[in-house]
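*Asks:* structural data only, the sequence is not supplied:
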């Protein structure tokens, strides 16, 4: 995977995420080994990290639209691969099912996406 990611990015001049978003990586052709090493790491990392970002952004858009149309609860924060919600007690059961369904179904990939939901009065206690 690593070698083919680097080779592919060298040939194209960019690395690509699961939805086709492109990240140019000029460092791959650098004569400086430190810069070239950075480019190689970016070529390996972009399809993984960038695709994870794409997937959570898709999920956030879908969840946001459904929340605004049907609920008083709010999505308030994203931190890497986590979403934080402020949920009314009477909406908790419906929203946990909706959030899990939307996040796990945001993009179809070869392995199933699995979502864990924590509940608590604050972020720390929800973990």
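*Replies:* All right, it came through fine. For clarity, every value in this text was computed on a predicted model and none was experimentally measured. Residues are numbered from 1 along each chain as shown.
*Asks:* give me the helices and strands touching the longest helix along the chain, please.
*Replies:* In the chain, with assignment by DSSP state H, the single longest helix is helix 51-70. Secondary-structure packing of helix 51-70 (3 or more C-beta pairs under 8 Å, 6 or more residues apart in numbering; DSSP states H and E): strand 74-79, strand 82-86, helix 92-104. C-beta coordinates here come from the backbone N, C-alpha and C atoms, glycine included.
*Asks:* in it, what's buried?
*Replies:* Of the residues in helix 51-70, 51, 52, 53, 54, 55, 56, 58, 59, 60, 62, 63, 67 count as buried by neighbour count, 16 or more other C-beta atoms under 10 Å.
*Asks:* contact partners for the first one?
*Replies:* Which is residue 51. By C-beta atoms under 8 Å, 6 or more residues apart in numbering, the contact set of residue 51 is 17, 18, 19.
*Asks:* tell me how many other residues crowd the first one.
*Replies:* Same thing as residue 17. Residue 17 has 18 neighbours, counted by other C-beta atoms under 10 Å.
*Asks:* and the helix or strand hosting residue 3, how far out from the chain middle?
*Replies:* In this assignment (DSSP states H and E), residue 3 forms part of helix 2-12. Computed by C-alpha atoms, centre = their mean, to the nearest Å, the chain-centroid distance of helix 2-12 equals 22 Å.
*Asks:* quick one on the thing from earlier: is it possible to get a markdown table of the contacts of residue 51 that adds distance to residue 101 and pLDDT?
*Replies:* A markdown table is the format used below for the contacts of residue 51 (distance: C-beta to C-beta, whole Å; pLDDT from 0 to 100):
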| residue | distance to residue 101 | pLDDT |
| --- | --- | --- |
| 17 | 23 | 97 |
| 18 | 20 | 95 |
| 19 | 20 | 95 |
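*Asks:* having no further points to raise, I will conclude here.
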